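Q: how would this look folded up:
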Amino acid sequence: MSKIPLQFRHNGRDVAIFVDGGTNLLVALRELIGDMTPKFGCGQGGCGTCSVLIDGELHLSCLTLAETVAGRSVETLDGMKQGPNLHPLQRAFADHFAAQCGYCTPGMLMAAKALLDRNPAPSRDEVVEAISGNICRCTGYEPIINAILAAAGGRVSA
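A: This next block holds a predicted model:
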């Protein structure tokens, strides 16, 4: 099978790679670009740990064909920080103990970023809805919800 040339923006920089037909975006990001922040979880789109932003919209990279991002912008957790400075969401996750094992954290942060980019002052219900496609087995979700609300400058439940 011949390789398919693919060019897109990854975390603000142009990249050009060759992918096999049928390669998903998660494999392209991890194995061809070296961005290990999107995680492999279920491989079926049910856990959210592979979530990325494509042109600002949340997508599951395990279900997205790599070739569909040609000419588009893909943002991963690695693109959230500015040099050594954490994004406000990353800081809020640390401050509110929203990451325990950390496996779900990249997907949760990307879902939260997608929410806050379109709605900077969400309600608690909107936060819950925004992260509903992400599974976390450690935190019980409350620290995650509180961190997102804190990053948005909203009220945090005790």
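
Q: Now do the SS call for the closest residue in space to residue 47 that isn't next to it in sequence.
A: Counting by Cβ to Cβ, 6 or more residues apart in numbering, residue 41 is the residue found nearest to residue 47 once chain neighbours are left out, at 3.8 Å. The way it works is simple: take the backbone N, C-alpha and C, and place the C-beta from them, glycine included. Using DSSP: H, G, I helix; E, B strand; the rest coil, the three-state assignment for residue 41 comes out as coil.

Q: Residue 41 touches residue 49, doesn't it?
A: Yes: Residue 41 sits in contact with residue 49 when judged by Cβ atoms under 8 Å, with a separation of 3.7 Å.

Q: which one of the two has more residues nearby?
A: Neighbours per residue (other Cβ atoms under 10 Å) separate residue 41 from residue 49, with residue 49 holding more: 24 against 21.

Q: Kindly provide the distance from the more buried one to residue 122.
A: Distance check for residue 49 against residue 122: by Cβ to Cβ, to the nearest Å, it reads 22 Å.

Q: isn't there a strand covering residue 58?
A: Yes: counting by three-state DSSP, residue 58 is part of a strand.
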